[in-house]
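Undergrad: Just need the structure, nothing else, for what follows:
(4 chains, ligands or ions: 6)
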Amino acid sequence: MADLKVKIGNLEFKNPVTTASGTFGSGQEYSDFIDLNKLGGIFVKGITPKNREGNPYPRMAETASGMLNAVGLQNKGVDYFIEEIYPVVKKFDTHIIPNVNGSSIEEYLEVTEKLNNIDDIKAIELNISCPNVKEGGMAFGVKKSSAIAVTKAVREICDKTLIVKLSPNVTDIADMAKAVEDSGADAVSLVNTFLGMAINHKTRKPVLSTITGGLSGPAIKPIALRMVWQVSNAVKIPVIGLGGIMNAGDAIEFILAGASAVQIGTANFIDPQISVKIIDGINDYLNENNFNSVKEIIGGLMREI
Amino acid sequence: MADLKVKIGNLEFKNPVTTASGTFGSGQEYSDFIDLNKLGGIFVKGITPKNREGNPYPRMAETASGMLNAVGLQNKGVDYFIEEIYPVVKKFDTHIIPNVNGSSIEEYLEVTEKLNNIDDIKAIELNISCPNVKEGGMAFGVKKSSAIAVTKAVREICDKTLIVKLSPNVTDIADMAKAVEDSGADAVSLVNTFLGMAINHKTRKPVLSTITGGLSGPAIKPIALRMVWQVSNAVKIPVIGLGGIMNAGDAIEFILAGASAVQIGTANFIDPQISVKIIDGINDYLNENNFNSVKEIIGGLMREI
Amino acid sequence: MKKIIDFLVSDVKWLNENTYLLDLYSEEKLPEILPGNFAEIRIEKASEVLLRRPFSIHDVDYEKNIISFFIKVAGKGTSQLAKYEKGEKLNVIFPLGNFFSLPKEKDILIIGGGSGIAPLKLMGKFFKENGVKPVFLIGGRTENDIFLVDELNNYGEVFITTEDGSLGEKGLVTQHPVFNSDNFKYKKIYTCGPEPMMKAIAKFASKNDIDCEVSLENTMACGIGACLCCVVETKEGNKCVCTEGPVFNIKDLKWQI
Amino acid sequence: MKKIIDFLVSDVKWLNENTYLLDLYSEEKLPEILPGNFAEIRIEKASEVLLRRPFSIHDVDYEKNIISFFIKVAGKGTSQLAKYEKGEKLNVIFPLGNFFSLPKEKDILIIGGGSGIAPLKLMGKFFKENGVKPVFLIGGRTENDIFLVDELNNYGEVFITTEDGSLGEKGLVTQHPVFNSDNFKYKKIYTCGPEPMMKAIAKFASKNDIDCEVSLENTMACGIGACLCCVVETKEGNKCVCTEGPVFNIKDLKWQI
Ligand SMILES: Cc1cc2nc3c(=O)[nH]c(=O)nc-3n(C[C@H](O)[C@H](O)[C@H](O)COP(=O)(O)OP(=O)(O)OC[C@H]3O[C@@H](n4cnc5c(N)ncnc54)[C@H](O)[C@@H]3O)c2cc1C
Ligand SMILES: Cc1cc2nc3c(=O)[nH]c(=O)nc-3n(C[C@H](O)[C@H](O)[C@H](O)COP(=O)(O)OP(=O)(O)OC[C@H]3O[C@@H](n4cnc5c(N)ncnc54)[C@H](O)[C@@H]3O)c2cc1C
Ligand SMILES: Cc1cc2nc3c(=O)[nH]c(=O)nc-3n(C[C@H](O)[C@H](O)[C@H](O)COP(=O)(O)O)c2cc1C
Ligand SMILES: Cc1cc2nc3c(=O)[nH]c(=O)nc-3n(C[C@H](O)[C@H](O)[C@H](O)COP(=O)(O)O)c2cc1C
Ligand code: FES
Ligand code: FES
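TA: Ligands and ions are numbered 1, 2, ... in the order given. Below you'll find the predicted structure:
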C-alpha cells in the first residue's frame, strides 16, 4: 500500500480523491454503494443562506461525452444543512466540506459565518463559479475585482481552510488564481462547469429551462487539465483538480499536472462506486511505478516528450 | 428543394455549409470523395507570409468526443498559395476563402495585401485565434485592444468581405465580437479551438510536442453553440458558427442560435462526405418543416420552452 | 437498500419493430421490488451514451433472479440496449424510487400508454396479492402498439383503445366510455404514459375529485437523489422524481391542467 | 483514386490472444492496391473512438473483392474492431499513402516486427510478380508472436528471431546473423515495425550505406493530407506520413540514429 496522504493547506486528507459539489449530494446518497469512510473528502452540494428552489425543470441535457446542468443551487439553506444534514454525515471518517454560495458578498459571509462555528468542519469551498444563477455565482468568478473582494471578505471571518473554486469561463485562469491566492485563499479548486447550451432542433427550443447551463464530464477534461497545469505553475497554494475525471488514469493526469487532490463529479452518476475504484487505481499505479507516496507525483509531468 | 442561399456581408453563398480552415486542406484533398462544387464555401488552411514548418510531431491527441491539435500553422506561405494552390482550386464553383495569419500586424497585412490583389477571392478570414503558435494567433484574439488593432489595420487595406475568426478562450466573447464589429469586420466566425492539454499517465509525459493544443470536435459543441447564440444576440453583422458540428441536426442548431452559415471541421476527418450530407440534411429539414428558405430559421430559436 | 449489480442478459424479445422485452439474470438474490420502482441501466456499448438510462421494472422473478424491462426505442441508448446479446453484462442500479400505493378502496382503474405500460404487470401482481382486482385500460396508436393484454388479464379486466380503431375502442384513452363522468365508477386512477395523456387523465380526475397517481419520466442524471436534475414542481417545492417519485399523487403536483 | 466504401465484414480470425485477421468484402470492384498502402477504418460501434484508425492493407483478392488486415490490439479501437461480426458494415477510405518501391537490385531483405508484418504479404506478392525474391526476417517476443511464415515462404525464404529463443534465432531482429556487417549481402532493406526496431535497422543501414525504406505509423486524424497532424521531419521539411509516406527512404528522414 502506497502512502496516499496529501495536504491541502493545514489539512491532511487520507487520500487525494474527493467528490465534487453537486454531484454527490451530501454523501449519504452514495452510502448504499460505497464505504464513504474511504474517501479523502466529500464536497457537499452548494449551500446558500436560505432555501432555494433552483431553476425550473428541465435542468439537464446530455451532450457528446458530457452533460449540461442548470440546477441553480437548489438547497434547503445553511441552517437546514447544519441542523439536518451535517449531523448525519459528520459521523463518516472523511472531511465534509461545504460548498458556500451567495448572490452577494453579504450572503457568502452569512453562510461562512454559520459554518465557521462548527468545529468539526475543517474547510469550506467558496463557489464563485456557478453558471446557473442569475445573481452572484459565476459573476464573482469571472471578474478579478469581485473575486478578490469576496475572497478577502470571507477570509476575514473564516478560520477554516479556505478553498476557492474557480470558473473556467475566463481568459486567464492563472491570473485569477493568483488574485485569490493573494486575497488569502489556502487552496484553489478548478474547474467548475463551462457555460454551454443545448438546442433541440426538432422542437427549435432550448433543452434547458434556463437556455444555458454548465457543461461537465469527459468532454471538458482536456481544457480542465490545461487549466490545472497553468494554475499549478502560477500559484504556491495547493490546487485541487477536477473536470471530466472518469478513472484512475484521468485522476493521475491531473495530479501529474500539479493537483494535490482531485474531485470526482459527473463520473459518480455513471458509476456510483467510481471514487473508491479511483483510490485503488492510484494506489496500484504508485506500486507499479515504484513510488512510495502520491506526493512524489504531484506536478510530476515530465516536460521533454 | 428549399432555398438554401445565405448572405455573409455582400457575398452570397449557395448554401450555408462551408468547411473549416485547417480541416479541409485546400479542398482538393476531398475531391475524390465529394463534389466540391456543392459546398457553400471552403475556408482553406491558415496562410502566413512565409513558409512555416509548424510544430514538431506529435501534433494530435484524441480525447473524449474530441481531438487536440498542435499543427502550428504549417503552410508554404502566401506566395505559394497564390501561385500553386489557388489556381487549382479556383476552378471549383464555390467560394475559396483564405485564412489569414501572422505573428505581428505587419505579417497579417502582408498576407492580406497579396490576397487582396486577386479578384476572384471574395472574402478572407482573419484568424486571431490560433492557439498553437508562440507569437500572434490567439494572443491577438484574447485581448480586446489587439483584436481591435489588427482588425482595423486589415480592414483598411482589404476590399474583400472581412470575416474575423474569434477565440473561445475568453471571458466575454460577445464583447470581443462587438469590438471587431466596430473595427470594421463584415462578419465573425466562431469558434476556433479551445486551449487544452493531454497527458499520457503511463509515460508521465505530455502527448503533444507543444504540451497544449487546440480542442475541437463534438466535445466543444455545447460551449460553441452558447457562444454563437451570445454573439448573434450582441452584433448586427452575420455570424458563421462552428465547433463540433457532426451532422445536419447540429448545423441546424447553430443556425437556430443565430448563425447565417456554418463551418464543418473535425467531422471531415471522420466522414469526408459529411459536408455534402449536411447540405442535404438541412434541405430535408426545411422541407419537412415547411420552410421555404434557410433564412427563415436563422436565429429562429424559440425562447419559451 | 439500493443495489448495484452486474446482470447478465438472458433474453431480448422484440414485440414490434420498436418495442422489446429485456430480461436480465443475476447470480445474486434480488431485493424486494415494488410496482413503480425503476432501475438505472448503464449502456456501455453505446457510443455517445454517457449517462445511465432509467426504466421501470416490468417484472421480477425472485426464484430465477430475473428482472424484466419493457422498453420502447426512443434514441441512442434504447436502440443500443436492444443489441446486447445473451450472456453479456449489464450494470444496473436498483430498485429506485417510490411505488404506486395500495388503494383504500377496491374499484381502481390503471391506465397505461406507450412505454408507460411497463409497470402495469407488477402493479397487477402486487394489487392481486393484496386482494385488489383492478381494471386496466391501455392505449396505442394502432393495434400494433397494444401489448400484454393476455398477461394483464390474469389480474383484471383489460380495456383497449387505439387511435385508429384497429383494436378496442377508437380514440385516445380518455375517450374510452369508462370516462363518462356521469357514471365513472372507479375510486382511484393510476396512470403511466406520455405526459399529455397523464395530464388529460389528471384533469378528469381532479375535476371529478378522484384520487389519482401518476408516474413521471423526467430526465435523470444520477437516479439516486444526488444531482437534483430530475425535479418536478410540487406544492411543497421542487421534488426529485428519482427519489420522491416517480409516482406522485396529482394533488401534490403543480401541474397546469 | 481514393475510394470510400462500405465494406461488409466477411471474417475475423484470431491468430493469438491479441492479433487477428480482418477480412472485408465489397460489392464494388476494388482499385489497385500497392504494398505499403493503408486504409482508414471508421469504427462506429466503439464508444470513445472518434477518429478513424489507419491500418496497412495486408492482402487483397481482386476477384472476390476482399481486402484483409492484420491487426494487433493496441487500445479501444482495435479491440472493438475485432468484435464486428460477419455481415456488419465498416466504412473504409483507401487506398492511402505511397508504397514500397521496387528495388533496383534483387538481393533484398524485408524485416517485419509486431503489427509491422502486416504489409509483408503484399510486398512478397508484388515483388514476386516483378521478379524479385526477397528474404524475410520476422521478429517477435516469443514463438506466439510469429505469424505468416508459411504464407511468406511462397515468396521467399523466411528467417525468424524471438527474444526468448522459442522460435528461430534468439534475440532482436538486429541480432540475427544476417546482420553481420562483414558479409551483409543485401542491397536493400525494407522494414515495418516498432520504431525502436526500425531505428536500429536504419542505423545499421546508414552505417553500411545500404538503401533502406521504412514504413512509419504516426498518429493520424484525416489520413488524406488535409490536417497536417501526421508529419515526420525530413530533410526537405515536415512531410505528411499519410500522403508522402507512410514509406520513406531513411536518407530523406532526419532521424537521430
Ligand atoms: C422513472 C422512469 C422510468 C422509465 N421507464 C421506462 C420504461 O419502462 N420503458 C421505456 O421504454 N422507457 C422508460 N423511460 C424512458 C426512458 O428512460 C427513455 O426513453 C430513455 O432514457 C431514452 O434513452 P435513449 O438513449 O434511447 O434516448 P436519447 O437518445 O437520449 O433521447 C431520444 C429523445 O428522447 C428524449 N428523451 C430521452 N429521455 C427522456 C425522458 N426521460 N423524458 C423525456 N424525453 C426524453 C430526448 O430528449 C431525445 O429527444 C423511463 C424514464 C423514467 C425517468
Ligand atoms: C499507416 C499506418 C499503418 C498501420 N498499420 C497497422 C496494421 O496493419 N496493423 C496494426 O495492428 N496496426 C497498424 N497501425 C497502428 C494502428 O493504427 C494503431 O494501433 C491503432 O490506431 C490504435 O488504435 P486504438 O484505438 O486501438 O488505440 P488507442 O486506444 O487510440 O491507443 C492505444 C495506445 O496506442 C497509442 N497509439 C495509438 N495509435 C498510435 C500510433 N499510430 N502511433 C503510436 N502510438 C499510437 C496511443 O497513444 C495509446 O497509448 C498502423 C498505423 C499507421 C499510421
Ligand atoms: C448536476 C451538477 C450540480 C452541480 N452543483 C454544483 C454546486 O452546487 N457547487 C459547485 O461548486 N459545483 C457544482 N457542480 C460542478 C461540479 O462540482 C464540477 O465542478 C463539475 O461538474 C466539473 O467536474 P466533472 O466534469 O467531474 O463533473 C455541479 C455539477 C453538476 C453536474
Ligand atoms: C487539425 C486542425 C487544424 C486547424 N487549423 C486551423 C487553421 O489553420 N486556421 C484556423 O483558423 N483554424 C484552424 N483550425 C480550427 C478549425 O477551423 C475549427 O475552428 C475548429 O476545429 C472547431 O471546429 P470543429 O469542432 O468543427 O473542428 C484547425 C483545426 C484542426 C482540428
Ligand atoms: S436524477 Fe439525480 S436527483 Fe434525480
Ligand atoms: S493524417 Fe491528416 S495530414 Fe496526415
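
Undergrad: can you count the residues close to whichever residue of the stretch 151-257 of chain C sits closest to ligand 4?
TA: Using CB to the nearest ligand atom, the closest approach of the stretch 151-257 of chain C to ligand 4 is made by C:Ala221 at 24.8 Å. Quick note: C-beta positions are derived from backbone N, CA and C, even for glycine. Neighbourhood size, C:Ala221 [other CB atoms under 10 Å in any protein chain shown]: 29.

Undergrad: which residues does it contact?
TA: By CB atoms under 8 Å, 6 or more residues apart in numbering or on different chains, the contact list for C:Ala221 reads A:60, A:67, A:69, A:266, A:269, C:51, C:227, C:229-230.

Undergrad: residues from chain C in reach of ligand 1?
TA: Counting by CB under 6 Å from any ligand atom, the residues of chain C close to ligand 1 are C:38, C:49, C:53-56, C:69-72, C:74-78, C:115, C:118, C:217-220, C:246.

Undergrad: Over to chain A?
TA: Counting by CB under 6 Å from any ligand atom, the residues of chain A near ligand 1 are A:Glu62.

Undergrad: got the contact list for A:Pro16?
TA: So A:Pro16 contacts A:4, A:6, A:40, A:251, A:255, A:259-262, A:282, A:294 (CB under 8 Å, 6+ apart).

Undergrad: if we can go back for a sec, quick check on the residue of the stretch 151-257 of chain C closest to ligand 4: phi, psi?
TA: Phi and psi for C:Ala221, reported as degrees, to the nearest 10, are phi -110, psi -50.

Undergrad: I figured C:Lys188 hits C:Leu102, correct?
TA: No - between C:Lys188 and C:Leu102 there is no contact under CB atoms under 8 Å: 9.8 Å.

Undergrad: Settle it for me: which of the two has more neighbours?
TA: Ranked by neighbour count (other CB under 10 Å), C:Lys188 and C:Leu102 place C:Lys188 first, with 23 against 14.

Undergrad: Next, find the distance separating the more buried one from B:Lys38.
TA: According to CB to CB, to the nearest Å, C:Lys188 and B:Lys38 sit 61 Å apart.

Undergrad: ok, now C:Pro194?
TA: 40 Å.

Undergrad: residues from chain C in reach of ligand 5?
TA: C:220-223, C:225-230, C:240, C:242.

Undergrad: From these, which land in strands?
TA: The strands, defined by DSSP state E, take in C:Cys240 from the residues of chain C next to ligand 5.

Undergrad: Can you add distance to A:Leu225 and pLDDT and give the residues of chain C next to ligand 5 back as TSV?
TA: Formatted as TSV, the residues of chain C next to ligand 5 follow (distance: CB to CB, whole Å; pLDDT from 0 to 100):
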residue	distance to A:Leu225	pLDDT
C:Met220	28	98
C:Ala221	23	98
C:Cys222	24	97
C:Gly223	28	98
C:Gly225	30	97
C:Ala226	25	97
C:Cys227	23	97
C:Leu228	27	97
C:Cys229	25	97
C:Cys230	30	98
C:Cys240	32	97
C:Cys242	31	98
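
Undergrad: Which two of the residues of chain C next to ligand 5 have the greatest separation?
TA: Spanning the widest gap among those are C:Gly223 and C:Leu228, at 12.0 Å by CB to CB.

Undergrad: From B:Ile121, how far off is the closest residue to ligand 5 within the stretch 51-200 of chain C?
TA: Proximity to ligand 5, evaluated over the stretch 51-200 of chain C using CB to the nearest ligand atom, is greatest for C:Pro54 at 8.0 Å. Remark: distance between C:Pro54 and B:Ile121 (CB to CB) = 54 Å.

Undergrad: Neighbour count: these two, which is higher?
TA: Higher neighbour count among C:Pro54 and B:Ile121: C:Pro54, with 22 against 18, using other CB under 10 Å.

Undergrad: now the helices for the chain?
TA: If you meant another chain, say so; for now it's chain A. Ranges of helices within chain A are A:78-80, A:86-89, A:105-116, A:138-141, A:144-157, A:173-182, A:221-234, A:248-256, A:267-270, A:274-288, based on DSSP state H.

Undergrad: That was the other one, I meant chain C.
TA: Using DSSP H, the helices of chain C run over C:76-81, C:120-129, C:149-153, C:195-207.

Undergrad: how about the strands of the stretch 51-200 of chain C, start to end?
TA: C:53-56, C:59-61, C:66-72, C:89-96, C:108-113, C:135-140, C:158-162, C:169-170, C:188-192 (DSSP state E, counting those that start in this stretch).

Undergrad: Could you work out which of these reaches nearest to D:Pro31?
TA: Using CB to CB, the nearest of those to D:Pro31 is strand C:89-96, at 41.6 Å.

Undergrad: Distance from the closest one to the middle of the chain?
TA: 16 Å (CA atoms, centre = their mean, to the nearest Å).

Undergrad: before we move on, what about stretch A:148-163?
TA: The chain centroid and the centroid of stretch A:148-163 are separated by 17 Å, computed with CA atoms, centre = their mean.

Undergrad: list the buried ones in that stretch?
TA: Buried residues in stretch A:148-163, defined by neighbour count with 16 or more other CB atoms under 10 Å in any protein chain shown: A:148, A:150-151, A:153-155, A:158, A:160-163.

Undergrad: Same question for stretch C:195-204.
TA: Counting neighbours by 16+ other CB under 10 Å, stretch C:195-204 gives C:197-204 as buried.

Undergrad: ok, those residues vs C:Lys2, which is closest?
TA: C:Met198 (26.1 Å).

Undergrad: List the contacts of that closest one.
TA: Contacts of C:Met198 by CB under 8 Å, 6+ apart are C:116, C:191-192, C:214.

Undergrad: at 7 Å what do you get?
TA: Contact analysis of C:Met198 by CB atoms under 7 Å, 6 or more residues apart in numbering or on different chains lists C:191, C:214.

Undergrad: Check it and give its pLDDT.
TA: We have a pLDDT of 96 for C:Met198.

Undergrad: Now C:Arg53. Nearest residue, chain neighbours left out?
TA: Nearest non-adjacent residue to C:Arg53, counting by CB to CB, 6 or more residues apart in numbering or on different chains: C:Gly77, 4.5 Å away.

Undergrad: How about A:Gly241?
TA: A:Ala259 (3.1 Å).

Undergrad: Kindly report the same for C:Asp164.
TA: Closest to C:Asp164 by CB to CB, 6+ apart is C:Thr142, at 5.1 Å.

Undergrad: which residues does that neighbour contact?
TA: C:162, C:164, C:166.

Undergrad: Could you list the low-pLDDT ranges of chain C?
TA: Within chain C, the ranges that satisfy pLDDT under 70 run C:181.
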